[in-house]
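> predicted model and sequence follow; I will ask about them next.
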Amino acid sequence: MTLINDTSLQAMVDTATAVFREHFEHDPAVLAIAPGRVNLIGEHTDYNDGFVFPMAIERQAVLVASVNNSGRCRLVAADLDNEMASFTIEGIAPSKGHWSTYIKGVVAQFLDNGHPVPGFDAVLTSNVPLGGGLSSSAAIEVCTATMIEQFLGIQIDPKRKALWCQKAEHDYAGVPCGIMDQFISALGEKDHALLIDCRSQDTEQFPLDDPNIEVLITNSNFKHSLDGGEYAERRSQCEAAAKVLGVKFLRDATMDQLVAARDQMDDVTFRRARHVISENDRTQRAADALRRANYAEFGRLMVESHHSLRDDFEVSVPEIDTLVELACEVDGVYGSRITGGGFGGCTVTLVKTEAAQTVIDHVMAGYRDKHGVEATCFTTHAGPGARGTHLG
Ligand code: ADP
Ligand code: MG
């Protein structure tokens, strides 16, 4: 298995290794890599026990490291002016809001599951855009778990490993996330998207390997200031709808049931449920369309998903709507939608490779004209999941 699949990744490893040598005065013994992700379709379905359909992106967190057997961990963040952090394995505790908490959280899961972790020195670098909804945090967590596997010479079942990383995010970052981010970072396969059933935790790989197709990610570089209540509010609206429909989760409800119960709930609750039920169906149909290499169908479902998130779930914003509309104006675009939790962040667009640059130019210019903000764009294929190796 080749761990390093492109030159920018090699450059990251080289940088991290140089920083490691400078700080610790020897070569690192272990390399671990774990990707960020983009969700192609299946938004706000996870906490309704439904389906999500992400792929790993060709952007990743990288750790180079060595065991130091001191009971102490010394960390360097190469992207933050080589900021250092250190902690002892004994009495490990969260440092919420600090980047080291993601690493600590994963160490704690290994300890809690009976795997003593030795002290170690590590340098972290990542090119997953930070805070853009592409899960730079999960990339760090899964990268850390992969590094520890190398230290211990063990391989944890990837789903188990992902669940430990999810727990790190809950307990050490204080973010009550679902299973998607850590699952795709741990289980991602090159040239595949991963359908995840958030109820059973079953996963299925679907080929996304056509060299004539690319996934374009556009960061609006815009985040509405929220009071944090929007996510909780959406969740409780979904619970309320499920209760009226007499099901445990909206995953279990059909559109016919919902329509029949329309006069038993207010309009907002109805629309929230309509999004979740339709999105769950779209996600499974999108996976099927990909199996048939029917990109036109996949793209239509993406646009439907966007409209549903905009009109029924109400988690889009004008900036994001502009990005989607501009992308869809260009020939060679199959579809585009908001991705991630909403209220800003990124869009994901399925596009013919030959049209990608035209789309980028068109979207960036139109977005600048309308909102006075620079969008950032990059294209990616479905990349591999986490991997680690001993160096030298
Ligand atoms: P997302 O996961 O959507 O990118 P989060 O807020 O969950 O956003 O995670 C971002 C946090 O992850 C940052 O605040 C920082 O603590 C940490 N992080 C991400 N990338 C890096 C990096 N390259 N170096 C150090 N810390 C990072
Ligand atoms: Mg995150």
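Cool, got the structure. Ligands and ions are numbered 1, 2, ... in the order given.

> any idea which element residue 167 lies in?
helix 158-168 (DSSP states H and E).

> how close does the closest residue to residue 199 other than its chain neighbours sit to residue 247?
What sits nearest to residue 199 in space, not counting adjacent residues and going by C-beta to C-beta, 6 or more residues apart in numbering, is residue 49, at 4.3 Å. (C-beta placed from N, C-alpha, C; glycine too.) Going from residue 49 to residue 247 by C-beta to C-beta, to the nearest Å gives 10 Å.

> cool, and residue 130?
Taken as C-beta to C-beta, the span from residue 130 to residue 247 is 38 Å.

> what do you get for residue 299?
The value you get for residue 299 to residue 247, if C-beta to C-beta is used, is 31 Å.

> and residue 38, by the same measure?
Distance from residue 38 to residue 247, by C-beta to C-beta: 30 Å.

> the two - which one has more neighbours?
residue 38 (25 against 16; other C-beta atoms under 10 Å).

> mind listing the residues bridging to that one?
Beta-bridge partners recorded for residue 38 (DSSP bridges): residue 55.

> hmm, it is touching residue 55, no?
Yes. In this structure, residue 38 is within contact of residue 55 by C-beta atoms under 8 Å, at 6.3 Å.

> common neighbours of the two, please.
residue 215 (C-beta atoms under 8 Å, 6 or more residues apart in numbering).

> test my guess that residue 59 contacts residue 37.
No. Using C-beta under 8 Å as the test, residue 59 is too far from residue 37 to be in contact (9.2 Å).

> hey, what's in contact with both of the two?
Common neighbours of residue 59 and residue 37 (C-beta under 8 Å, 6+ apart) are residue 134.

> between those two, which is the more surrounded one?
residue 37 (32 against 24).

> measure that one to residue 196 for me?
11 Å.

> need the overlap of contacts for these two.
With C-beta under 8 Å, 6+ apart, residue 37 and residue 196 have common neighbours 54, 180, 184.

> show me what counts as buried in whichever helix in the chain runs longest.
Assignment by DSSP state H gives helix 267-291 as the longest helix of the chain. Buried positions in helix 267-291, judged by neighbour count with 16 or more other C-beta atoms under 10 Å: 269-287, 289-290.

> got the angle for the helix or strand that it is followed by vs helix 267-291?
Where DSSP H and E defines the elements, the next helix or strand beyond helix 267-291 is helix 295-311. Orientation check (axes from the mean of the first three to the mean of the last three C-alpha atoms, to 10 degrees): helix 295-311 against helix 267-291 gives 160 degrees.
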